[in-house]
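*Asks:* Here you go, sequence then predicted model.
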Amino acid sequence: MRLEKCWFCSSTVYPGHGIQFVRNDAKIFHFCRSKCHKNFKMKRNPRKVKWTKAYRRLHGKDMTQDSTFEFERKRNRPERYDRNLAENTLKAIKKIDKIRSDRASDHIKNRLKTGKVQRQKEARKQLELGIHLVKAPLALAQDSSLCLPKIKVNVSQAQTEENQPMED
Amino acid sequence: MIQPQTHLNVADNSGARELMCIRVIGASNRRYAHIGDVIVAVIKEAVPNTPLERSEVIRAVIVRTRKELKRDNGMIIRSDDNAAVVIDQEGNPKGTQIFGAIARELRQLNLLK
């Protein structure tokens, strides 16, 4: 029994699921479900289909290089059964999986951070410009607590004296 | 699901290129043939200067089908085309080489690999 990767979306194919397509040149394509199989038959390129892992890795949406990926390489030599080895491997799989998923979610969080800051800035500006939609200007003028705090900029006197000779 | 009138590619070097199924061997009203079944076929296209000629009636065993093959462990395997290997009355292949991938189910028959 072997867990394969779907050729189209790169998710794991468990036994009893999916279809294997054998091309005439003996290349085998594994598919996790009929969605991926049908997309393959339509000759779609997984690198261009947005929800596949191939697209996400190519466009930097998901983590590409990490040491945890080294553990999941394909091994063709079967290991002789050793109870200790099996036990340690099972424990390691759980731990490595957790580490990998934590790192992947961190990667996504960092990627989305700049967007969040930008959105907050835009929201602040929109509030300033469109405050008349929220509260009538007259009410704002009377009750100063509703305004956004104005930022005071101190202009030093020395600078204005220097500019005068240039204007002449 | 091969039935009479189905055209099949030939996956060996026996000399035939394309076969048309005439009959499915097994039972009197057997409808379809799958991987591993023997069929009676007529040669529709043959390679010139070989012992097999066009419109010759021969037997063949099916090695690849477009219809999925289901295994007991839940694996489902599909091929890209329908193909057969030419066989004689005893079940020995007429050719010496087989081209393309073949399912493991055919290991019971003595097909030279």
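*Replies:* That came through, no problem.
*Asks:* Please determine how far residue A:76 is located from chain B.
*Replies:* Plainly put, residue A:76 is 18 Å away from chain B if you go by CB to the nearest CB, to the nearest Å. C-betas here are computed from N, CA, C, even on glycine.
*Asks:* number of nearby residues for that residue?
*Replies:* 4 (other CB atoms under 10 Å in any protein chain shown).
*Asks:* sec struct for it, please.
*Replies:* coil (DSSP: H, G, I helix; E, B strand; the rest coil).
*Asks:* Over to the one 3 residues further on?
*Replies:* When classified by three-state DSSP, residue A:79 comes out as coil.
*Asks:* Might one say that it is in contact with residue A:88?
*Replies:* No. Under the criterion of CB atoms under 8 Å, residue A:79 is not in contact with residue A:88, lying 11.8 Å apart.
*Asks:* and residue B:90, how many residues sit next to it?
*Replies:* There are 7 residues near residue B:90, going by other CB under 10 Å.
*Asks:* secondary structure element for it?
*Replies:* Of the helices and strands defined by DSSP states H and E, none includes residue B:90.
*Asks:* From chain A, how far out is it?
*Replies:* 28 Å.
*Asks:* can you pull out the strands in chain B?
*Replies:* B:7-10, B:16-24, B:38-46, B:57-64, B:69-70, B:76-79, B:83-87 (DSSP state E).
*Asks:* winner for burial among those?
*Replies:* Ranked by mean neighbour count under mean count of other CB atoms under 10 Å in any protein chain shown, the strands of chain B are led by strand B:83-87, which reaches a mean of 25.
*Asks:* what residues does chain B put near chain A?
*Replies:* B:64, B:68, B:73-81, B:100-101 (CB under 8 Å from any CB of the partner chain).
*Asks:* about what we covered before: take the strands of chain B and write them to JSON lines, including mean pLDDT and distance to residue A:107.
*Replies:* Below are these laid out as JSON lines (pLDDT from 0 to 100; distance: least, CB to CB, whole Å):
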{"stretch": "strand B:7-10", "mean pLDDT": "95", "distance to residue A:107": "48"}
{"stretch": "strand B:16-24", "mean pLDDT": "95", "distance to residue A:107": "54"}
{"stretch": "strand B:38-46", "mean pLDDT": "95", "distance to residue A:107": "56"}
{"stretch": "strand B:57-64", "mean pLDDT": "94", "distance to residue A:107": "44"}
{"stretch": "strand B:69-70", "mean pLDDT": "92", "distance to residue A:107": "40"}
{"stretch": "strand B:76-79", "mean pLDDT": "93", "distance to residue A:107": "35"}
{"stretch": "strand B:83-87", "mean pLDDT": "94", "distance to residue A:107": "47"}
